[in-house]
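Q: Fold the stuff below for me.
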Amino acid sequence: MKRLISGIPLFFTAATILAQASPSDSSTPTQLSDKEAAGLVAGACGVAMIPMLIGIAIWLWIAIWIMKDSARRQSPNRTLVVVLGWLIPLVGLIVHLATRPKTIPGAPSA
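A: Take a look at the predicted model:
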């Protein structure tokens, strides 16, 4: 471990030296216009919102399903699993699946 830690400064020094542009490289970086930069930021934010929207949809689906299933099965701990389903969906789902009644009242038994 000591050898690894002692080699970290050497690694960063070599990476910095190799990352430098050579003096013969006279190309200048391209400058984006305001509209291009705004479009780039809007596109990046739009792409970043997709996983967030999927997560919100899954959260709502779990919470609503727990509410409906616990009411249909007349679960004795319905309040607990519904609150857990809205606050911490995965924990609420696990608790509901572990503690829900196995039969649905009024349903024909197979």
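Q: Please enumerate the strands of the chain.
A: Applying DSSP state E to the chain gives no strands.
Q: Mind naming the longest helix for this protein?
A: For the chain, the longest helix by residue count, based on DSSP state H, is helix 34-72.
Q: Mean confidence (pLDDT) on stretch 96-110, please.
A: What stretch 96-110 shows for mean pLDDT is 83.
Q: Show residues contacting that stretch.
A: 66, 69-70, 72-77, 81, 84-85 (Cβ atoms under 8 Å, 6 or more residues apart in numbering). For every residue, glycine as well, the C-beta is placed using N, CA and C.
Q: Would you indicate which residues of it are buried?
A: Buried residues in stretch 96-110, counted by 16 or more other Cβ atoms under 10 Å: 96, 100.
Q: just stretch 71-84 next, same as before
A: Applying a neighbour-count criterion of 16+ other Cβ under 10 Å, one finds 73, 75, 78, 81-82, 84 buried in stretch 71-84.
Q: any idea which of the contacts of stretch 96-110 is the one closest to Ser33?
A: Here the nearest of these to Ser33, counting by Cβ to Cβ, is Gly85; it sits at 48.2 Å.
Q: If I look at the closest one, what pLDDT would I see?
A: For Gly85, the pLDDT comes out at 94.
Q: This completes my enquiry, with thanks.
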